[in-house]
Structures are given as C-alpha cells and as structure tokens.
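Engineer: From the sequence below, what's the structure:
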Amino acid sequence: MKARRLRIHGRVQGVFYRGWAIQAARALDLSGWVRNREDGTVEMVISGDEDEVRTMTERAHRGPPAARVERVDVEEMEEEVAPGFTQRPTV
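Structural biologist: You can find the predicted model right below:
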C-alpha cells in the first residue's frame, strides 16, 4: 500500500474539484479524503495500490474540466488511511 498527501494549487475551488476527486478515487478503489482549505487550495490524501496512487496523482494535475491546476505538492505518507474515500470539512 502506498499513501500520499496532495496539495493542489490554482483555480480548484468552486469548480467541482472535490466531487471529481471522490469519483476518480473511488473508481480507482483508493482510500482517503479530500477537502478545501481556506487558502484556496484543495488537500487530498490517497492510499492504495502503488499504480492507482500514481494514476490519481497524475490526474490531480489536471482535475475536472473547469479547474486550472497550477501545481500539486506531493508528500509521501507513512500513516494508515481509513477505508473508503470521503469529503471532509474545509479547514
């Protein structure tokens, strides 16, 4: 199992990024969560098979059609991630 924390920068709030992320992550059978941050970024934690985690990380650089992703900060994680993929409240 591989786990990563992504911080997505750009025009990523108000463009269905979180909903898109939930659909994409569930389709890849990933666990984790996604949430908006008050600084305008989106934060996402993904965990699962290494190939699927890599695929989701690549997709996060594009996002949904209305998004304009400027950059994605990626951090490898050691912590366990609860099963399922959910949306968390804004922080």
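
Engineer: OK, contacts around the spatially closest residue to A21 that is not a sequence neighbour?
Structural biologist: Spatial nearest neighbour of A21, chain neighbours left out: V34 (4.4 Å); criterion: C-beta to C-beta, 6 or more residues apart in numbering. Just so you know, the C-beta spots here come from the backbone N, C-alpha and C atoms, and that holds for glycine as well. Shown in contact with V34 (C-beta atoms under 8 Å, 6 or more residues apart in numbering): 17-18, 21-22, 25, 42-45, 85-88.

Engineer: Would you mind measuring from R4 to A66?
Structural biologist: 24 Å (C-beta to C-beta, to the nearest Å).

Engineer: Now do the same contact list for the residue nearest in space to the middle of the chain.
Structural biologist: Against the mean C-alpha coordinate of the chain, by C-alpha atoms, centre = their mean, the closest residue is M44 at 3.4 Å. By C-beta under 8 Å, 6+ apart, the contact set of M44 is 5-6, 8, 21, 25, 32-35, 60.

Engineer: on that earlier part again, who has more neighbours, R4 and A66?
Structural biologist: When neighbours are counted by other C-beta atoms under 10 Å, R4 and A66 differ, and R4 comes out ahead with 22 against 12.

Engineer: Contact partners for that one?
Structural biologist: By C-beta under 8 Å, 6+ apart, the neighbours of R4 are 45-47, 53, 57, 74-77.

Engineer: Just the buried ones from the residues you listed?
Structural biologist: When the contacts of R4 are checked for burial by 16 or more other C-beta atoms under 10 Å, the buried set is 45-47, 53, 57.

Engineer: Show me which of those is closest to E70.
Structural biologist: Closest to E70 out of the buried ones among the contacts of R4 is T57 (15.7 Å), distances taken as C-beta to C-beta.

Engineer: May I see the buried residues of whichever strand or helix holds that closest one?
Structural biologist: Element membership for T57, per DSSP states H and E: helix 50-60. Residues 52-53, 55-57, 60 are the ones in helix 50-60 that count as buried (16+ other C-beta under 10 Å).

Engineer: Looking at the contacts of V34, which one is closest to E70?
Structural biologist: The closest of those, once distances to E70 are taken by C-beta to C-beta, is V42, at 11.8 Å.
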